[in-house]
Every structure is written in structure tokens, then in C-alpha cells.
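1. turn this into a model:
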Amino acid sequence: MSQRRDHGGDHRQTWPFMGRAAGPALSVLVRPGEQPVAATTVLPVLPVLIVSAVVAIDLVFGTGLTWVPLLAAGPALAATTNGPRGVLRVGLLATALGTALGLRDRAPGHELAVVLAALVAVTLASALASALRRRRELVLAAVRSVAEAAQHALLQPVPAAVGPFQVAVRYSAAAAEARIGGDLYALVPTPHGVRLIVGDVRGKGLPAVETAALVLGIFREAAYDEPDLLAVVDRIERSLARNLGQDDFVTAVVAGYPEPGRLEVVNCGHAPPLLVRDCEVIAVEPAHPAPPLGLRALSGESPRLQVLSFSDGDQLLLYTDGVTEARDHGREFYPLAEGLARHVSHEPARTLTALHDDLLAHVGGRLHDDAALLLLRKPTSADVTDVADVTDVADVTDVTDVTDVAGVVVAEG
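-> Numbering: from 1, shown residues only. Below you'll find the predicted structure:
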């Protein structure tokens, strides 16, 4: 499963920090606050069924020790799904039944001893393999915990309302085991209005994560300091020019909302955002294309500010190429604009959930690249009126107390 981060709808955060609980008949991995789920029962069912099947075959068709060696399949299979105790129990059962079958068939003593010794050896080896597997699982769980914590620190949760906007974010890392990728996003309220960035780092793995962390750190600082949005982009560019290799770069869209009705966009080699207005989806193509961040010195081109009107009810979707380059089995790209037009609603979280599910259905359930979606919506006066009406009926003073009832999310106060 592609690992997902979903902000803006459900604020319950699932953490992969795993705890271990064990009992006489139970060995489990649990998450804090969750009920334990059994991973090892007293006697594993499938291995026992296999041992029983071998015994039945021997009773019907057996002569001598022909079928008894197959009892070793029981503990060997138990090692793939059960702990050492479960393996030893299956091995003990298989050895006891093998002894009974050998005595029943009056097998020679030395042959029976060899077969039983083989069963014991397979059981012990399987128990050791099971213990090593369990240890690797615990190590992997710890690595996932660290990766998730790093991702959480890098891509901080975005609240459902920022400034005048309803917001939703959906992030999926292609490396499910790593739970971390090279796509980046951030949205922060500043003295100069709400500002945001969505970008994609060239490359994979830890170098991409380091670059993403660098970009986000500079953006969050510059977004507060610089009154001009282009100055924010320039600070990111200068830092990347000092720290990136010659072949490294970051595509990004940086946007700001300095005053009501005015949306500023700077596109640095990134996919064009999609503007939803009056049920129509419009691609915001840059009037003057600019190179990705980190490559300005090679091209000599500087990004330019693009100004859009952004009124009540308008929505803006920013995304990374992991969405638009997702292919189905016929090698067809995912039609993002069409999908957005089908699933757009007045609730950004609901829109992104439907859009993400549609994307996974298109690719067959697993993304092969990191994918990030960030959706802004400017609430209408009708949304605010609905919330006010519910507030009067419920006789509460905090608007946030009734957002779930009203079906919209607004800023506190």
C-alpha cells in the first residue's frame, strides 16, 4: 500500500511507533491506543492442517516411512507466519505423529530414528528462522517509525483552515516501506498573507529528502520576512545554487494571497495549477515559463509573477508529477483535470479523497512515484451564513464547534 498523509479532513494522526506485547499464547505488535491483534496462536492452523493431511495420506496409502518426512512441511511453514513457540509446537506435534506412524507401520528402528532426527532438525532451524524474522520485523518497525517522524517533521500537518481558505492535503509516498519521499508542500499564514509551496525534488531517497527539507526551511523563513513573493523565490534559488549539485533541481509552484481577491503565482518549471471556477477547470499555464529552482544560472531566465483573481467559491489545486504521470495498464496517463471536474465539491477534503481513490483505481492500486495534492478553496458568503445559522441554533460561541454539523470548515473566531 502506498503510504498516505491526509490533512484537512480527519485530524486523527496514526503513528507507527510499535509496541510489543506477549503472553503465553499471544505475541503481537500493537500501536498505541489500539487493541492487540493476535499474530501467533497456541497452535498455528494452516501448518497443523498440513500435518494432519500428511497423517491422513499415510494412514490411507502409507507403507513404511514413505510419507512421514513430509511432516517437516508443518514447522517449515509455521516459521513464515508464527513465532518460535508456534514453530516448536508444530514441530513437537509432527515428531509425535511421525513416531506414532513409524511404530504403526513397524518401520526399522534406525530408519525411524533418522526421519525423526530430520524432523527435529527442521523444527529447530525453522524456530531459529522465525526468531530472526521477528527480529527483522521489529527493526523494520523501528525504521518506519523514524521515517514517519522525519516525514512528519518535514511535511508538517496542514490545518483544515488557514487564513480565509479551506485546505486539504493528500500525500502518497511510492516507497511504502520507507514512508518518505521527495515531494514537498507547505502552507503558512504570514504578515504578507497566506503563502504556500508545492514542489518536486529531482531524484529519490535521502538526498531528495535533504533537498526538500532545505527548500521548506528556506521557504518558511523567507515567507515571513519577504513582502515580495519573487523575493521568497530568489532566496530559495540562491540557497539551492550553493548547496545542490550540477544535475540537481527542484520544480515548484510558489503562491501567495496578499489581499482579498488577488492570488499571486510563481511557477518554476512545475506542472500548472488547476483553477476551479464556476464548475470549470482551468490550467494556470505560466505566461513566461521559468526554469526549475537551482537551474537559473544555466538558463539565465528569471521567474515572473503571475496574478490571478481569486473570488469566493474559487478553488486551486496544486500537485506533483506523480499524479499526472500515473499510468494505467494501457500506459495512459491519469486525466487529472477530468478527474477534478468529476469529483469537485464544496469540501476540499472530500474532493481530494475522491480524487485520490480515483487515481489509485486508475493505476491499479499502487503508485510508482511520490504524489502530492494540495487544494485551496475560498468559502462563499453562503458557507459563512450556514455556519452562523447553526451557531445560533446550537447556542455555542465557537464557530469551530459546529463545523462538522455545517459541513464546512472556517477559521477560528
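
2. quick one: residues contacting the residue nearest to Leu317 when sequence neighbours are not counted.
-> In this structure, Leu317 finds its nearest non-sequential neighbour in Leu274, 4.4 Å apart by C-beta to C-beta, 6 or more residues apart in numbering. C-beta here means a position set from N, CA and C on the backbone, and glycine is covered the same way. The neighbours of Leu274, taking C-beta atoms under 8 Å, 6 or more residues apart in numbering as the test, are 281-284, 316-317, 319, 336-337, 340.

3. in the stretch 51-200 of the chain, which ranges drop under the pLDDT threshold?
-> 62-63, 144, 146-154, 174-181 (pLDDT under 70).

4. can you show me the helices along it?
-> Along the stretch 51-200 of the chain, counting by DSSP state H, counting those that start in this stretch, helices occupy 73-81, 84-104, 109-154.

5. make JSON lines from those helices and add mean neighbour count to it.
-> JSON lines is the format used below for the helices of the stretch 51-200 of the chain (neighbours: other C-beta atoms under 10 Å):
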{"stretch": "helix 73-81", "mean neighbour count": "23"}
{"stretch": "helix 84-104", "mean neighbour count": "21"}
{"stretch": "helix 109-154", "mean neighbour count": "16"}
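
6. tell me what the residue nearest to Leu317 is bridged to.
-> With DSSP bridges as the criterion, Leu274 is bridged to Ala283, Leu317.

7. please report how far it lies from Ala349.
-> Distance, Leu274 to Ala349, by C-beta to C-beta, to the nearest Å: 17 Å.

8. give me the number of residues near Arg304?
-> 14 (other C-beta atoms under 10 Å).

9. pretty sure Leu93 sits against Leu49.
-> No. Leu93 is not in contact with Leu49 according to C-beta atoms under 8 Å; the separation is 11.6 Å.

10. list the contacts of Leu92.
-> Leu92 makes contact with Thr123 under the criterion C-beta under 8 Å, 6+ apart.

11. separation between the residue nearest to Leu317 and Ala56?
-> Leu274 is 63 Å from Ala56, by C-beta to C-beta.

12. ok, now Val143?
-> The value you get for Val143 to Ala56, if C-beta to C-beta is used, is 44 Å.

13. run through the strands of the stretch 301-413 of the chain in chain order.
-> 306-309, 315-319, 371-377 (DSSP state E, counting those that start in this stretch).

14. of all those, which lies closest to Leu206?
-> strand 371-377 (18.4 Å; C-beta to C-beta).

15. just to revisit the earlier point, would you format the helices of the stretch 51-200 of the chain as TSV with distance to Val232 included?
-> Shown next, in TSV, are the helices of the stretch 51-200 of the chain (distance: least, C-beta to C-beta, whole Å):
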stretch	distance to Val232
helix 73-81	53
helix 84-104	57
helix 109-154	19
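
16. looking at those helices, which is nearest to Ala160?
-> For the helices of the stretch 51-200 of the chain, proximity to Ala160 was assessed by C-beta to C-beta; helix 109-154 is nearest, at 17.3 Å.

17. same for the closest one, what does it pack against?
-> Contact partners of helix 109-154 among helices and strands, from 3 or more C-beta pairs under 8 Å, 6 or more residues apart in numbering; DSSP states H and E: strand 26-30, helix 73-81, helix 84-104, helix 205-225.

18. switch the cut-off to 6 Å
-> Packing partners of helix 109-154 (3 or more C-beta pairs under 6 Å, 6 or more residues apart in numbering; DSSP states H and E): helix 73-81, helix 84-104.

19. helices along the stretch 301-413 of the chain, start to end?
-> Ranges of helices within the stretch 301-413 of the chain are 321-324, 336-343, 348-363, 381-394, 403-406, based on DSSP H, counting those that start in this stretch.

20. and stretch 156-169, which residues are buried?
-> Going by neighbour count (16 or more other C-beta atoms under 10 Å), the buried part of stretch 156-169 is 158-169.

21. of all pairs in those, which one is the farthest apart?
-> The distance between the two most remote of the buried residues of stretch 156-169 (C-beta to C-beta) is 17.2 Å, for Pro164 and Val169.

22. what's the neighbour count on the closest residue to Asp248 other than its chain neighbours?
-> Among residues not flanking Asp248 along the chain, Arg202 sits closest, at 5.7 Å (C-beta to C-beta, 6+ apart). The local packing of Arg202 (other C-beta under 10 Å) involves 18 other residues.

23. what touches both of Leu93 and Leu49?
-> Counting by C-beta atoms under 6 Å, 6 or more residues apart in numbering, Leu93 and Leu49 have no common neighbour.

24. circling back: out of the helices and strands packed on helix 109-154, which gets nearest to Gly365?
-> With C-beta to C-beta as the measure, helix 73-81 is the member of those nearest Gly365 (23.4 Å).

25. what is that closest one packed up against?
-> Using 3+ C-beta pairs under 6 Å, 6+ apart: helix 73-81 touches helix 45-61, helix 84-104, helix 109-154.

26. columns distance to Arg377 on top of these, output as JSON lines?
-> Conversion of these to JSON lines gives the following (distance: least, C-beta to C-beta, whole Å):
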{"stretch": "helix 45-61", "distance to Arg377": "50"}
{"stretch": "helix 84-104", "distance to Arg377": "52"}
{"stretch": "helix 109-154", "distance to Arg377": "25"}
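
27. looking at those helices, which is nearest to Ala354?
-> Taking C-beta to C-beta, helix 109-154 is the member of the helices and strands packed on helix 73-81 nearest to Ala354, at 24.0 Å.

28. out of the helices and strands packed on helix 73-81, which comes closest to Thr324?
-> Of all the helices and strands packed on helix 73-81, it is helix 109-154 that lies closest to Thr324, at 22.4 Å by C-beta to C-beta.
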